[in-house]
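Participant: show me the folded form of this:
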Amino acid sequence: MTKKLLVAALALSAAVYSLDAKVTLHHLIGDNMVLQQQTEARLYGYDEPGKTVKVTPSWDGKKYTVKTDKDGKWEVKVQTPAASFTPYEITFDDGEAVKIGNVLIGEVWVGAGQSNMEMPVGGFTGCPVDNLQETLVDAVNNSAVRYAKIPAVESMEPLEDAETQWNVISPETVRGASATAYFFARMLSRVQNVPVGIIEANKGGSRVESWLTRENLEKYTKEDLNREAMIKNFRFDFHRPMTWGYGTFNPILKYTVKGILFYQGCSNVGDPGNQYSERMKILAEQWRELFGLGEIPFFFVEIAPYAGNLSEVDKTWSARLREQQFRASTIIPNSGMVSTNDAVYPYEITQIHPAQKCKVGERLASAVLNKVYGHTAFPADSPSYKSMKIDGNKIYLTFDHMDGGFNRMMDIEGFEIAGEDHVFHPATCSQQWGRVAVYSEEVPAPVAVRYCFKNFQIGNFGNALGLPLIPFRTDDWEE
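Facilitator: A predicted model of the protein is given here:
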């Protein structure tokens, strides 16, 4: 551990364990928090070893008693009522009472990943989020949405706590909230008519390996977990394995949540074979096990079209990562992926933080409302490639999840077709009885089709419910 990290860790430990005569709460247990409804929600903190702590929530007045362990830690589960907008108080008493207030009961979700999940409503420098003014005005209506942001901290060992607090959404606070997570929470709150809490735990530029535990990294990867080796092997600290999970995610694992939202992938572009999707699966299993709440929902976002520079537009590095993300959605139980192929502007070729975060957040909310909360009127699955049939100079394609039919009858863009020479040409498309026929005069004997399978290519095809076709290829050719 570097001197800087050691000092930070010791300071946090001192803040947590410098116990006085009264009970100390974990930072996530505080004013303005949202507790998961109709469950046994965990409350926890610190006190002197062997001390008795009495916990009394105002919604039922029931007293829960717990004794601290030899390290001064305590944890109690309290039964929560149905969601409501009624503010409650909770009293913690070890002989000297500590009270927290404005506690709401509703739905709690985690917003994890890298910078596109971190990207706040107020945007980054040079990277705006659409419709800021409208969002600021609307924020006055959304005080039942709250968020707590965990500081991005590295650690070689799992940290238990983090300096954070719950923020009530207002024009003054909304700019700092994760845009994707906030727009998700706002829509979920309105449709369900419940408070929604978001816990943000993310780090810009992090890899999927950044969030895996030492045990999983040693079992499934060849990552060198020696601190000096990490510093030597990775030019950027955000690429290091394990440390961001231990420092930034571990402090939230005792909190009772409904599910996890994940937006990450850019830093794993170039991973070989199925490595990324397999490690995504390991990560989902790891977090579910550590939360101890069963197979909680795990929904994630496809990385948007992006090219590092104009010369890389037609390359397929990021397309192959998107292909792995879609595969992950098929091998991780109780999961879902939302496509973002249409959630970029043509001028955002080299913009790794696209502006249309409201579309992304609301698309996540729509999928969750359908699959988790049973609101089947909301569309959940983007159409995806199902099958192909070659007939002469045409290839006929069928798709899954074409709910309501196709979104357009003509001027379909994004398809390409190739013959045995592996050279792709833009395809002309037509619809025939629920199928799409693709062909090109340049390809008399086609063998393969691709749709938006490039670093940056925006298609316009999807289903009639407004969800875009997930980019795909029918071949398995190398670059």
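Participant: domains of the chain?
Facilitator: Here the domain parsing of the chain from automatic domain parsing is 106-371, 384-473.
Participant: okay, those domains, which one's buried deepest?
Facilitator: The highest mean neighbour count among these, using mean count of other C-beta atoms under 10 Å, belongs to domain 106-371: a mean of 20. (C-beta placed from N, C-alpha, C; glycine too.)
Participant: end to end, how far does it reach?
Facilitator: This stretch, domain 106-371, spans 18 Å end to end (C-alpha to C-alpha, to the nearest Å).
Participant: let me see the mean pLDDT of the helix or strand containing residue 299.
Facilitator: Using DSSP states H and E, residue 299 falls within strand 298-301. The average pLDDT within strand 298-301 is 98.
Participant: direction included, what does that strand pair against?
Facilitator: Strand pairing for strand 298-301, determined by DSSP bridges: strand 259-263 (parallel), strand 335-338 (parallel).
Participant: the inter-axis angle of the longest strand seen in the chain versus strand 259-263?
Facilitator: For the chain, the strand that runs over the most residues, judged by DSSP state E, is strand 97-113. Strand 97-113 runs at 40 degrees relative to strand 259-263, counting by axes from the mean of the first three to the mean of the last three C-alpha atoms, to 10 degrees.
Participant: count residues in the vicinity of residue 54, would you?
Facilitator: Using other C-beta atoms under 10 Å, residue 54 has 16 other residues around it.
Participant: per-residue pLDDT, the closest residue to residue 373 other than its chain neighbours?
Facilitator: Once flanking residues are discounted, residue 373 sits nearest to residue 192: 6.5 Å by C-beta to C-beta, 6 or more residues apart in numbering. Per-residue pLDDT puts residue 192 at 98.
Participant: I'd guessed residue 192 sits against residue 107; true?
Facilitator: Yes: applying C-beta atoms under 8 Å as the test, residue 192 and residue 107 come out as touching, 6.7 Å apart.
Participant: got any residues that touch both of the two?
Facilitator: Contact criterion C-beta atoms under 8 Å, 6 or more residues apart in numbering; residues shared by residue 192 and residue 107: residue 83.
Participant: helices of the stretch 101-250 of the chain, start to end?
Facilitator: Under the criterion DSSP state H, counting those that start in this stretch, the stretch 101-250 of the chain contains helices at 115-118, 132-138, 179-192, 214-220, 227-233, 243-244.
Participant: format those helices as CSV; extra columns: distance to residue 172.
Facilitator: Output for those, formatted as CSV (distance: least, C-beta to C-beta, whole Å):
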stretch, distance to residue 172
helix 115-118, 20
helix 132-138, 9
helix 179-192, 14
helix 214-220, 40
helix 227-233, 39
helix 243-244, 29
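Participant: so which of those helices comes closest to residue 78?
Facilitator: Across the helices of the stretch 101-250 of the chain, residue 78 has its closest neighbour in helix 179-192 (21.8 Å, C-beta to C-beta).
Participant: centre of the chain to the closest one, how far?
Facilitator: Remark: helix 179-192 is offset 13 Å from the chain centroid, using C-alpha atoms, centre = their mean, to the nearest Å.
Participant: can you name every helix or strand that it contacts?
Facilitator: Helix 179-192 makes packing contacts with strand 97-113, helix 115-118, strand 145-149, strand 196-202, strand 259-263, helix 357-371 when contacts are defined by 3 or more C-beta pairs under 8 Å, 6 or more residues apart in numbering; DSSP states H and E.
Participant: would you tell me which helix is longest in this structure?
Facilitator: helix 275-291 (DSSP state H).
Participant: which strands or helices does that one pack on?
Facilitator: Going by 3+ C-beta pairs under 8 Å, 6+ apart, helix 275-291 lies up against helix 214-220, strand 259-263, strand 298-301, helix 317-331.
Participant: how does it look with 6 Å?
Facilitator: Counting contacts by 3 or more C-beta pairs under 6 Å, 6 or more residues apart in numbering; DSSP states H and E, helix 275-291 is packed against helix 214-220, helix 317-331.
Participant: what lies in contact with the shortest one?
Facilitator: By C-beta atoms under 6 Å, 6 or more residues apart in numbering, the list of residues contacting helix 214-220 from outside reads 223, 241-242, 282, 286.
Participant: pick the one among these closest to residue 128.
Facilitator: For those, the nearest to residue 128 is residue 241 (32.2 Å; C-beta to C-beta).
Participant: if I look at the most centrally placed residue in the chain, how far off is residue 72?
Facilitator: Centroid-nearest residue in the chain, with C-alpha atoms, centre = their mean: residue 262, separated by 1.7 Å. Separation of residue 262 from residue 72 (C-beta to C-beta, to the nearest Å) stands at 33 Å.
Participant: repeat that for residue 41.
Facilitator: From residue 41 to residue 72 the distance is 22 Å (C-beta to C-beta).
Participant: who's more crowded, those two?
Facilitator: Using other C-beta under 10 Å, the more surrounded residue of residue 41 and residue 72 is residue 41, with 22 against 17.
Participant: just the buried residues of the helix or strand containing that one, please?
Facilitator: Using DSSP H and E, residue 41 sits within strand 40-46. Applying a neighbour-count criterion of 16 or more other C-beta atoms under 10 Å, one finds 41-46 buried in strand 40-46.
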